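1. Below are the sequence and a predicted model for it; my questions follow.
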Amino acid sequence: MTAITTIGPPDAVRRRPAGLLRHSLILAGRSLAKSARNPGALVNGVLTPAIFLMLFVYLFGGSVAGSTGEYLDYLFPGIVVMGAGLSGMLSSGLSINIDIKKGVFDRFRSLPIGRSAPLLGSILADTVRYVVAIGLLFGIGFLMGFRVQTDAAAAVAAVALVLGFGFCLSWVTVFLGVLVKDENAVMGFAFIAFIPLMLGSSLAAPVGTLPGWLQAWAGNNPVSHAMDASRALLTGTPAGDSIAQTLIWSAAILAVFCPLAVAAYSRKR
Amino acid sequence: MADYAFQAESLVKKFGRTTALAGVDLHARPGTVLGVLGPNGAGKTTAIRILATLTGFDGGTARVGGLDVVRDAARVRRLIGLTGQYATLDEELTGLGNLVLIGRLLDLRKPDAVRRAAELLGRFGLDDAARRPVAAYSGGMRRRLDLAASLVGRPRVVFLDEPSVGLDPGKREDLWRIIRELTADGASVLLTTQYLEEADALADDIAVIDNGRVIAHGTPPELKQIVGGQAIAARPKDPERVEDAARILAAVAGHAVERPGRHGLVVPVDGDRAVFDAARRFEEQGIALAEFSLRLPSLDEVFHALTGTPRADRSGASDIETAGSRA
């Protein structure tokens, strides 16, 4: 009960190589452990798209596409993109914002770990959360009758593309989460951006069938490209340049917002 | 220079047009506690954040263990432990989980991290709660866990920013005991507080800081000499006896008696001898007491003694410190 042995020999804390990656993985593990106990954001990322999926398919499917089955084929690939995008928009920025506000990041920043490790760890954990969200959505889609009509390789490519897109999109909210003080502002942004970004797209109907003003937006919305690409890879519709467009947009979003987020984060205080 | 465990010289820090620190000097030798005493917004948190490598500054130098906090930030972080004003724990994780996480980030192997965490939990009386999520912890337990978290890496310099805020008196004693034990092991502590009582109980040296400047520095006895040392506060049960009580206090203390409350009496004393004299005379004259205590000057009285003016309203300044520490 006496000494706390505050001071250890200099080698009490051993240095080990590959610090940044290992620290990031440890912090990703932390984020996932928290998620497992408090799966709110994950539920959001699965529940909202699942509700839209069922609502659209069973309410409008018959009249829009002739049968609910056919409409499911059209709608589901877009819903997967919505799931990835929503998980990214909701969880990343929010958890980082809360960590900064609570001072948890201060604790991390006072430790001898890379400055970007907490940020990287958070994003890595999010990627795992997208995989879970997309996996659950595929399960729901399967139960509703959706089947991949291409091959396994194309399906894997679709998932990879959608994940990459969600990952890149999440940097927008990460940037916001670092920048603003109030977590409600992050939530508010995600909510406001949701409608034009996710619904003002080729999600529910081909862009060509939309009114002119909406066509102008939806045709240029990167989410439309991602949904078209996902549709092409999962159901074999013509891909056009949607895959290339999705990759270019993803890279562009990442190139702009990742450096912004890292800069804002390292300039904190 | 290397004689000091940490040392800040002429630190200047500005937030926009507001000067949070206007040339602050702070230092402590290894194995000692420096108490930084000051009101909200004085710059205490800013000074700690600079020494803990969390924030930059606009002038002066800051060193920990002889290392520059800017140029050698990574090495400084190996020497320090930080407990901020707000418990920085993961609510969803268990107490053990929180400490193991820190240990692993400090490059301990998992079994070592678990062993170190268990050791600290035991030391801080948290074994029973080790496997419960922090969300179920009381305020005092969180504070203790937060302090434990800053000790996982066996730091040589521990920064504690108002560690006893929100603790009830009993829990505060526990905390004080733990802080004393840190220095017994040779660690140095920088402790900020708003209470002279706390600084007196823990610190080898006290720096009084106000509006970004150190306005007094010395050992607790030196400081108390400046600010007038202790005072007896007494309130007779029977308001009719207030005058009798005032006469007794004036006689034993040899100072003029102040009357802050309706029937309350306060008199500065030069030693605790006066307490016993006063108590005996109250008993002899049959004056029953509702309140009777020997206390240190409050922060307000310290400032009054040091600056000659009562503290102005500092709510504006306190907003700035909060904004600076969290923005």
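-> Arrived safely.
2. Pull the distance from the host helix or strand of B:Glu181 to the chain's centre.
-> Following DSSP states H and E, one finds B:Glu181 within helix B:169-184. On the basis of Cα atoms, centre = their mean, to the nearest Å, helix B:169-184 is displaced by 11 Å from the centre of the chain it belongs to.
3. Give me the buried positions along that helix.
-> B:Lys171, B:Arg172, B:Asp174, B:Leu175, B:Trp176, B:Ile178, B:Ile179, B:Glu181, B:Leu182, B:Thr183 (16 or more other Cβ atoms under 10 Å in any protein chain shown). Glycine gets a C-beta too; all of them are placed from N, C-alpha and C.
4. May I see the residues you listed organised as JSON lines, with pLDDT added?
-> Converted to JSON lines, these look like this (pLDDT from 0 to 100):
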{"residue": "B:Lys171", "pLDDT": "78"}
{"residue": "B:Arg172", "pLDDT": "83"}
{"residue": "B:Asp174", "pLDDT": "81"}
{"residue": "B:Leu175", "pLDDT": "84"}
{"residue": "B:Trp176", "pLDDT": "88"}
{"residue": "B:Ile178", "pLDDT": "85"}
{"residue": "B:Ile179", "pLDDT": "87"}
{"residue": "B:Glu181", "pLDDT": "86"}
{"residue": "B:Leu182", "pLDDT": "85"}
{"residue": "B:Thr183", "pLDDT": "86"}
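5. A:Trp217: what's it in contact with?
-> A:Trp217 is in contact with A:Pro196, A:Gly200, counting by Cβ atoms under 8 Å, 6 or more residues apart in numbering or on different chains.
6. Got phi/psi on it?
-> Main-chain torsions, A:Trp217, degrees, to the nearest 10: phi -70, psi -60.
7. hang on, the earlier thing: I would like the residues contacting the helix holding B:Glu181, please.
-> So helix B:169-184 is contacted by A:2-4, A:6, B:31-33, B:123-125, B:140, B:143-144, B:147, B:151, B:158, B:160, B:163-164, B:167, B:189, B:191, B:198, B:201-202 (Cβ under 8 Å, 6+ apart).
8. of those, buried ones?
-> Of the contacts of helix B:169-184, these count as buried by 16+ other Cβ under 10 Å: A:4, A:6, B:31-33, B:123-124, B:140, B:143-144, B:147, B:151, B:158, B:160, B:163-164, B:167, B:189, B:191, B:198, B:201-202.
9. Can you list the residue ranges for helices in the chain?
-> Let's take chain A. With DSSP state H as the criterion, chain A has helices at A:19-37, A:40-55, A:61-65, A:68-87, A:93-102, A:104-109, A:117-144, A:152-179, A:183-194, A:212-220, A:222-235, A:242-266.
10. other chain: chain B
-> Assignment of helices within chain B using DSSP H yields the ranges B:44-51, B:73-77, B:95-105, B:110-123, B:139-151, B:169-184, B:196-202, B:220-227, B:242-253, B:273-284, B:299-307, B:315-326.
11. Check the ones you listed for me and report the most buried one.
-> helix B:44-51 (a mean of 26; mean count of other Cβ atoms under 10 Å in any protein chain shown).
12. where in the stretch 1-150 of chain A is pLDDT low?
-> A:1-18, A:41 (pLDDT under 70).
13. for chain B, same thing?
-> B:1-2, B:227-229, B:298-301, B:304, B:307-327.
14. In it, which residue is most central in space?
-> Of all residues in chain B, the one closest to the mean position by Cα atoms, centre = their mean is B:Thr193, 3.0 Å from it.
15. about what we covered before: angle of the helix holding B:Glu181 against helix B:110-123?
-> Per axes from the mean of the first three to the mean of the last three Cα atoms, to 10 degrees, the angle that helix B:169-184 makes with helix B:110-123 is 130 degrees.
16. mind saving the C-alpha coords of helix B:169-184 as CSV?
-> Provided in CSV are the C-alpha atoms of helix B:169-184 (Å, rounded to 0.1, in the frame of the first residue of the first chain):
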residue,chain,number,x,y,z
PRO,B,169,-14.3,16.7,1.3
GLY,B,170,-13.7,13.1,2.3
LYS,B,171,-12.8,12.1,-1.3
ARG,B,172,-10.5,15.1,-1.5
GLU,B,173,-8.5,13.9,1.4
ASP,B,174,-8.0,10.6,-0.4
LEU,B,175,-6.8,12.5,-3.5
TRP,B,176,-4.4,14.6,-1.4
ARG,B,177,-2.9,11.5,0.1
ILE,B,178,-2.3,10.0,-3.4
ILE,B,179,-0.7,13.2,-4.6
ARG,B,180,1.7,13.3,-1.6
GLU,B,181,2.7,9.7,-2.4
LEU,B,182,3.6,10.6,-5.9
THR,B,183,6.3,13.0,-4.7
ALA,B,184,7.5,10.5,-2.2
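17. what angle do that helix and helix B:139-151 make?
-> 10 degrees.
18. In this structure B:Arg78 contacts A:Pro112, no?
-> Yes: proximity of B:Arg78 to A:Pro112 meets the contact threshold set by Cβ atoms under 8 Å, at 4.7 Å.
19. quick check: domain ranges of chain B?
-> Domain assignment for chain B, taken from the TED database, gives B:6-222, B:230-295.
20. ends of the last one, how far apart?
-> Think domain B:230-295. Length of domain B:230-295, first residue to last, Cα to Cα, to the nearest Å: 6 Å.
21. got it, and stretch B:147-156?
-> First-to-last residue span, stretch B:147-156, Cα to Cα: 14 Å.
22. quick revisit: quick one, which of the helices of chain A gets closest to B:Gly212.
-> helix A:104-109 (21.1 Å; Cβ to Cβ).
23. Could you check how far that closest one is from the centre of its chain?
-> Distance of helix A:104-109 from its chain centroid, counting by Cα atoms, centre = their mean, is 24 Å.
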